[in-house]
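J.: Sequence below, structure please.
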Amino acid sequence: MYMAMTRFQVTLGQESLFESVWKKRKSYLSETKGYRGLFLLRGDSLEDHTLYISHFIWNSKEDFDVWTKSDEFIKAHTQFGDIGALFVSKPIFEGLSVVLQEKP
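T.: Residues are numbered from 1 along each chain as shown. Okay, the predicted model is just below:
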């Protein structure tokens, strides 16, 4: 299993707009091979931003890599134009392979 995570530092006061962008987007993922789901997580608010993390779950890094080279990936990431003003700093991507998974 592979996790594709991005950390967003959303400018205070822009949280509703940021969440709306995510909720209204066309993701193009439902038919994508290896895609298993998404969590959009909201963290604490600090003096100038609120932390958000997108957490996409994939069967493998290879499935994720295929997605990042697809036309659907480009459409998904350009559909809202420039939303850079929502962020305190540039979003940070982290790709992680699962080493251990425990279930109840």
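
J.: CA only for contacts and neighbour counts going forward, please
T.: OK.

J.: Restricting to C-alpha, output stretch 91-104 in CSV.
T.: This file holds the C-alpha atoms of stretch 91-104, laid out as CSV (Å, rounded to 0.1, in the frame of the first residue of the first chain):
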residue,chain,number,x,y,z
PRO,A,91,2.1,22.7,-0.3
ILE,A,92,4.5,19.9,0.6
PHE,A,93,4.1,16.4,-0.9
GLU,A,94,5.2,13.3,0.9
GLY,A,95,5.0,9.8,-0.6
LEU,A,96,5.1,6.9,1.9
SER,A,97,5.0,3.1,1.6
VAL,A,98,3.2,1.2,4.3
VAL,A,99,5.6,-0.8,6.5
LEU,A,100,3.0,-2.0,9.0
GLN,A,101,-0.7,-2.0,9.2
GLU,A,102,-2.6,-3.1,12.3
LYS,A,103,-6.4,-3.7,12.4
PRO,A,104,-8.6,-4.0,15.4
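
J.: who touches it?
T.: Applying C-alpha atoms under 8 Å, 6 or more residues apart in numbering, the external contacts of stretch 91-104 come out as M1, Y2, M3, A4, M5, T6, R7, F8, Q9, K61.

J.: 7 Å - rerun?
T.: M1, Y2, M3, A4, M5, T6, R7, F8 (C-alpha atoms under 7 Å, 6 or more residues apart in numbering).

J.: for the second one, what are its contacts?
T.: Right, the one you point to is Y2. For Y2, the contact set (C-alpha under 7 Å, 6+ apart) comprises I57, W58, N59, S60, K61, L96, S97, V98.

J.: What does the fourth one show for phi and psi?
T.: S60 has phi and psi values of phi -160, psi 160 when expressed as degrees, to the nearest 10.

J.: With distance to Y28, secondary structure and pLDDT added, can I get the contacts of stretch 91-104 in a markdown table?
T.: Below are the contacts of stretch 91-104 laid out as a markdown table (distance: C-alpha to C-alpha, whole Å; DSSP: H, G, I helix; E, B strand; the rest coil; pLDDT from 0 to 100):
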| residue | distance to Y28 | secondary structure | pLDDT |
| --- | --- | --- | --- |
| M1 | 20 | coil | 96 |
| Y2 | 19 | strand | 98 |
| M3 | 18 | strand | 97 |
| A4 | 16 | strand | 97 |
| M5 | 18 | strand | 97 |
| T6 | 18 | strand | 96 |
| R7 | 21 | strand | 97 |
| F8 | 21 | strand | 96 |
